[in-house]
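> Fold the following.
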Amino acid sequence: MTDTSIPSADPSVDEESAPAATDEAEETEAESGAREKKAPADSDLFRQSEIAADYVEGLLDILDYDGDIDELVSGGRPVVEVVGGRLQNLVGQRGATLEALQELARLAVFRQTGSPSRLLLDVGGYRAARRKELAAVARNAVEKVKEYGEPVRLEPMSAFERKCVHDVVNAMSGVESESEGVEPNRRIVVRPVAD
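Residues are numbered from 1 along each chain as shown. Down below sits the predicted model:
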């Protein structure tokens, strides 16, 4: 029997940069060491963004959507940004369609390069706007934790969203955050730091 499975990306690759300390336990030391040794050069990362941009452009043509596509490297990872009108359908409810398109673009990169990609796809500035919303959610949770001294459990989030919240919480004193649960119901718990 032939294995026709497609390599699945590690959940942490959806995150903006290196995984938050609370999610690092899921990554073995061997994987971490391999990632550091095999860090692609900026030219390789830009090539990944070009491949993904070509794939996304093909999808836009099929759907008859207009959009400008930018390929770049940011924070040590390939990024493709699509801007234009009438793109909300490519984002979907709570970014679900965007996450699926990102996975398809990553698979397109994998097919051409043979290497998994940490590609980040953004459509219509959704991720930047969502990052701001999540920062407000994180600050609100921290205020509640500091006021009442009780843990606060947030709604389930994608890996990208959890990373955004972890970054904000970890930058504040007196509180800590950790992820709990299993996808797609993985969520963040913000709690006071034990004295």
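
> Let me see the ranges of the helices in the chain.
Remark: helices of the chain, listed N- to C-terminal, are 29-37, 42-63, 88-91, 96-113, 126-148, 159-170; assignment by DSSP state H.

> Which positions in the last one come out as buried?
What it means is helix 159-170. The neighbour-count check on helix 159-170 (16 or more other C-beta atoms under 10 Å) flags Ala159, Phe160, Glu161, Arg162, Lys163, Cys164, Val165, His166, Asp167, Val168, Val169 as buried. From N, CA and C alone the C-beta is placed, and that goes for glycine too.

> I figured Leu72 hits Val79, correct?
Yes - at 5.1 Å, Leu72 and Val79 qualify as touching, with contact defined as C-beta atoms under 8 Å.

> burial count for the nearest residue to Gly174 once chain neighbours are set aside?
When the adjacent residues along the chain are set aside, Gly174 lies closest to Val193, with 5.7 Å between them (C-beta to C-beta, 6 or more residues apart in numbering). The number of residues packed around Val193, counting by other C-beta atoms under 10 Å, is 10.

> Torsion angles phi and psi at Val193?
For Val193, the backbone dihedrals (degrees, to the nearest 10) come out as phi -70, psi 130.

> which of Leu72 and Val79 has more neighbours?
Val79 (22 against 14).

> Settle this for me: that one is touching Ala53, isn't it.
No - counting by C-beta under 8 Å, no contact exists between Val79 and Ala53, whose distance comes to 9.8 Å.
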